[in-house]
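**Student:** missing the sequence, but the structure's below:
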C-alpha cells in the first residue's frame, strides 16, 4: 500500500511539474546566417498555433540556453515554407511578399548591450521593425506580458498588411463598415457578417465592404480555451487626388480600425 501511495504521489508530482514547466514550442531551423564563437543568427519556423507571448518567451529562453555565452538573433516565421522561401531581394515579387508576411517575431540577445527581448510583429510586411503594431517584451518578464494589439487579452498575431482599398478614379472616398464575428479557440476569425456600412460616394460602398471582410478574415489571435465575440468598425478617409500618398492606419481595439491617406513627405 505504501509503495502504491509513493508511486501515485510521484506520478502526481511529475504531472504538476509538467503543467507548471515552460512549454517550449518545437521549432525548425531553416538557415544559419552567422555562426561564430561570439554570435549566432538564424531563421526558424514554428507552427501558427504555437505563436503567442508565453510560448515565444519559452522559445527565447531555450535559444539562449542552446547558445550559451553568445549573442543570439532569431527571425521566427509562422510558416515553414515561407521561412524556406524568404530571401530578401531588390525585386519584390508576390512570393517574396508572402514569405515576408509570415515573419511575425524576432528574438534578440546581446550581452554587450545587456539586451534580451522579443518582438511580436503582426504585420510582417511593415517596413518598420519597431512599428506602432509591434510589441516588445523585455526579458526576463515580470508579470503577464501584454500585446499592444489584443482583444479580450488575446494577442493579435497576424493580419494582412493594410493599404487603402483600390478605388477607380481620382476622388475623395470615405465611409464606415462594421463587421461582427467570432474568434475561434484556434485564434482564427469566423462567421463574419456585415452589421452596417455606408460610403461617400455611395457607389463605393461595396468596394469598402469587400475589402473589410477580406482584411478581417486574415486576422489571427493567440489560441485560447474559449471563443470570443468580435465587433470591428473600419473607418475610411482618403483623398485619392493626392499625387503622392501613404496609408496611415490606427488600431483602436477592441472596436475600431481607422484608415486614411495622407500626403507623403
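**Tutor:** Received it, and whenever you're ready, just let me know what you need. Remember, it's a predicted structure, so these values are computed and weren't measured experimentally.
**Student:** residues near residue 143, how many?
**Tutor:** Residues lying near residue 143 (other CB atoms under 10 Å) number 5. Just so you know, the C-beta spots here come from the backbone N, C-alpha and C atoms, and that holds for glycine as well.
**Student:** now residue 88
**Tutor:** By other CB under 10 Å, neighbour count at residue 88 equals 8.
**Student:** these two touch, right, residue 148 and residue 133?
**Tutor:** Yes: between residue 148 and residue 133 there is a contact under CB atoms under 8 Å: 6.6 Å.
**Student:** the two: who's more crowded?
**Tutor:** Legend: neighbour count by other CB under 10 Å for residue 148 and residue 133, higher for residue 133 (19 against 16).
**Student:** mind giving me the packing neighbours of the strand or helix carrying residue 251?
**Tutor:** Per DSSP states H and E, residue 251 falls inside strand 245-252. With contacts taken as 3 or more CB pairs under 8 Å, 6 or more residues apart in numbering; DSSP states H and E, strand 245-252 sits against strand 256-263.
**Student:** show the average pLDDT along the strand it packs on.
**Tutor:** Average pLDDT, strand 256-263: 88.
**Student:** what segments of the stretch 1-150 of the chain are strands?
**Tutor:** With strands called from DSSP state E, counting those that start in this stretch, the stretch 1-150 of the chain shows them at 28-35, 39-45, 71-77, 103-110, 115-120, 135-138, 150-151.
**Student:** any chance of those in a markdown table, plus mean neighbour count and mean pLDDT?
**Tutor:** Formatted as a markdown table, the strands of the stretch 1-150 of the chain follow (neighbours: other CB atoms under 10 Å; pLDDT from 0 to 100):
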| stretch | mean neighbour count | mean pLDDT |
| --- | --- | --- |
| strand 28-35 | 13 | 96 |
| strand 39-45 | 19 | 97 |
| strand 71-77 | 22 | 97 |
| strand 103-110 | 21 | 97 |
| strand 115-120 | 19 | 96 |
| strand 135-138 | 16 | 96 |
| strand 150-151 | 18 | 96 |
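**Student:** could you dump those into a markdown table and include distance to residue 189?
**Tutor:** Below are these laid out as a markdown table (distance: least, CB to CB, whole Å):
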| stretch | distance to residue 189 |
| --- | --- |
| strand 28-35 | 27 |
| strand 39-45 | 23 |
| strand 71-77 | 21 |
| strand 103-110 | 16 |
| strand 115-120 | 18 |
| strand 135-138 | 20 |
| strand 150-151 | 11 |
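**Student:** which of those strands sits closest to residue 185?
**Tutor:** For the strands of the stretch 1-150 of the chain, proximity to residue 185 was assessed by CB to CB; strand 150-151 is nearest, at 14.1 Å.
**Student:** need the next SSE after the closest one, C-terminal direction.
**Tutor:** That would be, after strand 150-151 and using DSSP H and E, strand 154-158.
**Student:** between strand 245-252 and that following strand, find me the angle.
**Tutor:** Relative orientation of strand 154-158 versus strand 245-252 (axes from the mean of the first three to the mean of the last three CA atoms, to 10 degrees): 160 degrees.
**Student:** quick one: residues in contact with strand 154-158.
**Tutor:** 48, 51-53, 78, 104, 120, 122, 124, 135, 147, 149-150, 183, 187, 218-222, 224, 228, 253 (CB atoms under 8 Å, 6 or more residues apart in numbering).
**Student:** can you flag the buried ones in these?
**Tutor:** Buried members of those, counted by 16 or more other CB atoms under 10 Å: 48, 51-53, 78, 104, 120, 122, 124, 135, 147, 149-150, 183, 187, 219-222, 224, 228.
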